[in-house]
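1. Build the 3D model from these lines:
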Amino acid sequence: MKVREEFPADAPVDVPALVAALVTEPPGGPLTVGDERVSEFLTAFGRRLLAPGTVRRHPELGSLGFFLRRGGLARSLADLSTPSGALRFPRGLVFHLPPANVDTVFVYAWALAALAGNHNVVRISPRSGGVAAAVLDALRETLADGHPAVAHSQRMVTYDRDDAVTAVLSAACDLRVIWGGDESVRRLRAIALPPGARDLVFPDRSSFCVLSAAGWLAAPATERRSLAERLCTDVYWFDQAACSSPRTLFWVGTPEAARRAGAEFSAELLAVVGARTPQVPTSMVLHKYVTAFGLAAEGVADRIRFPGNAVTHLDLSAADGPLRDWLGAGTFAWARLDRLADLAGMVRRRDQTVTHFGFGAAELTELARACGGRGVDRIVPVGRALDFAPVWDGYELLREFTRLTTITT
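-> Predicted coordinates:
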């Protein structure tokens with residue numbers, strides 16, 4: 001039973017041998033929470049990702065490099081408070097099963113698990129794209145100056161869907177991290193874990209955007225262009241398939257203000273998309289046509305516009321809630337609300353991120369309180385939807401990747 005190791009080596013590896021190596025002590029002694037050997041490696045890796053050539057080819061890696069700065073890692077560790085009379089330790093061996101459609105997610109979660117002192121094995125899908133390949137290249141290049149403990153304790157492998165391989169890796173782990181659609185989560189959860197292990201799951205999620213009509217109409221031209229550019233970043237980096245990319249845009253305000261703001265914003269958005277010229281495959285264009293006309297036939301949308309292959313506008317018939325299914329990259333569903341707080345009754349548990357423009361802290365806090373934890377885990381400005389954070393889907397990840405030993409005298 002073999003898989004292809006992608007990091008630290010680039011060669012086939014026997015799965016039982018891989019597991020046996022991962023559970024042994026690394027050179028220099030056991031890893032600890034915030035281990036300097038790992039922290040140094042992650043910081044050097046982040047600097048490599050921020051190289052101008054890398055960022056030009058893959059802009060999303062700039063955000064990852066920024067996340068891995070020494071100061072950011074130190075702040076994450078500082079936020080990990082340990083109660084008096086307790087010691088915090090790594091959880092053990094963490095097995096990661098990230099999605100193929102968002103190439104950088106596995107790095108954020110792996111980096112935090114490694115920073116917490118865990119040994120890790122990450123399964124990278126063979127369907128992952130060029131960004132994942134660039135990440136692996138940078139990891140291998142960074143390893144030349146890294147401590148041997150990193151190569152010993154951190155492994156990334158590729159294999160096709162194979163429940164037998166997944167079962168062997170699952171049987172050895174202390175924590176399994178699953179990302180993907182609901183069906184994938186159900187299938188992987190059915191593969192047994194040791195009695196003392198558990199799953200940390202990130203299933204299907206959906207997100208939306210709220211825009212103040214009055215705020216847009218009062219904004220200067222430079223701010224309007226910036227807003228359109230930031231929304232494009234939220235939508236197009238991962239073909240709008242990321243769980244945090246908005247699929248429905250709610251204009252909040254009077255019907256007249258929302259109509260004017262929506263028309264002006266649409267023009268601004270088209271100008272930005274035209275300048276960026278995102279590549280949209282023919283298959284995705286056809287998918288958007290089929291889903292858009294399907295929504296019209298069902299009475300969900302009462303107006304459809306196709307100003308270009310990269311943009312589809314859907315005017316929803318009523319603001320009954322956001323569209324939660326992926327409809328294809330560059331699909332913008334529009335709806336109107338009288339008040340921001342009206343959203344609370346529409347929120348469901350699978351709703352993850354709300355991006356916003358034109359609202360103050362008091363209004364946003366009121367919305368969060370009204371949602372009451374039933375849904376919506378993040379409320380962030382437009383342009384920040386894809387910013388990963390140590391708190392994700394409501395989990396404080398460093399806490400999830402560690403365990404406590406209490407001492408009573």
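
2. Next, the buried residues of the longest helix along the chain.
-> Criterion DSSP state H: the longest helix present in the chain is helix 255-276. By 16 or more other Cβ atoms under 10 Å, the buried positions in helix 255-276 come out as 257, 258, 260, 261, 262, 265, 266, 268, 269, 270, 272, 273. For every residue, glycine as well, the C-beta is placed using N, CA and C.

3. in the stretch 51-200 of the chain, which ranges drop under the pLDDT threshold?
-> Counting by pLDDT under 70, the stretch 51-200 of the chain has low-confidence residues at 101-103.

4. Strands of that one, start to end?
-> 86-90, 93-97, 119-124, 154-158, 175-179, 198-202 (DSSP state E, counting those that start in this stretch).

5. just the angle between the third one and strand 93-97, please?
-> Which is strand 119-124. 10 degrees (axes from the mean of the first three to the mean of the last three Cα atoms, to 10 degrees).

6. Then the last one?
-> Relative orientation of strand 198-202 and strand 93-97, computed by the same axes, to 10 degrees: 30 degrees.

7. Sheet-wise, list the partners of strand 198-202 with their directions.
-> Applying DSSP bridges, strand 198-202 is found paired with strand 175-179 (parallel).

8. now swap in the third one and tell me
-> With DSSP bridges as the test, strand 119-124 is paired with strand 93-97 (parallel), strand 154-158 (parallel).

9. what about those strands, which gets the closest to residue 346?
-> strand 93-97 (31.1 Å; Cβ to Cβ).

10. what comes into contact with that closest one?
-> Residues from elsewhere that reach strand 93-97 (Cβ atoms under 8 Å, 6 or more residues apart in numbering): 22-23, 106, 109-110, 113, 118-123, 166, 169-170, 172-180, 188, 401.

11. now those residues: which count as buried?
-> 22, 106, 109-110, 113, 118-123, 166, 169-170, 172-180, 188, 401.

12. okay, now the domains of this structure?
-> The record's domain parsing of the chain by automatic domain parsing lists 2-204+393-406, 206-381.

13. can you redo these as JSON lines with distance to residue 387?
-> Output for the domains of the chain, formatted as JSON lines (distance: least, Cβ to Cβ, whole Å):
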{"stretch": "domain 2-204+393-406", "distance to residue 387": "6"}
{"stretch": "domain 206-381", "distance to residue 387": "7"}
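
14. What about residue 43, how many residues nearby?
-> Counted with other Cβ atoms under 10 Å, the neighbours of residue 43 add up to 19.

15. Nearest residue to the residue nearest the centre of the chain in space, please, no chain neighbours.
-> For the chain, the residue nearest the mean C-alpha position is residue 105 (5.3 Å; Cα atoms, centre = their mean). Excluding its sequence neighbours, the residue lying closest to residue 105 (Cβ to Cβ, 6 or more residues apart in numbering) is residue 98, at 5.2 Å.

16. how close does the one you found sit to residue 64?
-> From residue 98 across to residue 64, the span is 13 Å (Cβ to Cβ, to the nearest Å).

17. Please apply the same query to residue 196.
-> Taking Cβ to Cβ, one finds residue 196 at 32 Å from residue 64.

18. Look at those two and report which has more neighbours.
-> residue 64 (23 against 7).

19. Neighbours of residue 150, how many?
-> Residue 150: 24 neighbours (other Cβ under 10 Å).

20. wait, it sits on residue 39?
-> No - using Cβ atoms under 8 Å, residue 150 is not in contact with residue 39; the gap is 10.4 Å.

21. and the buried residues of helix 255-276 as TSV, adding pLDDT?
-> Listed next are the buried residues of helix 255-276 as TSV, based on pLDDT from 0 to 100:
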residue	pLDDT
257	95
258	93
260	95
261	95
262	91
265	93
266	90
268	92
269	90
270	89
272	90
273	87
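
22. Thank you kindly, that will do.
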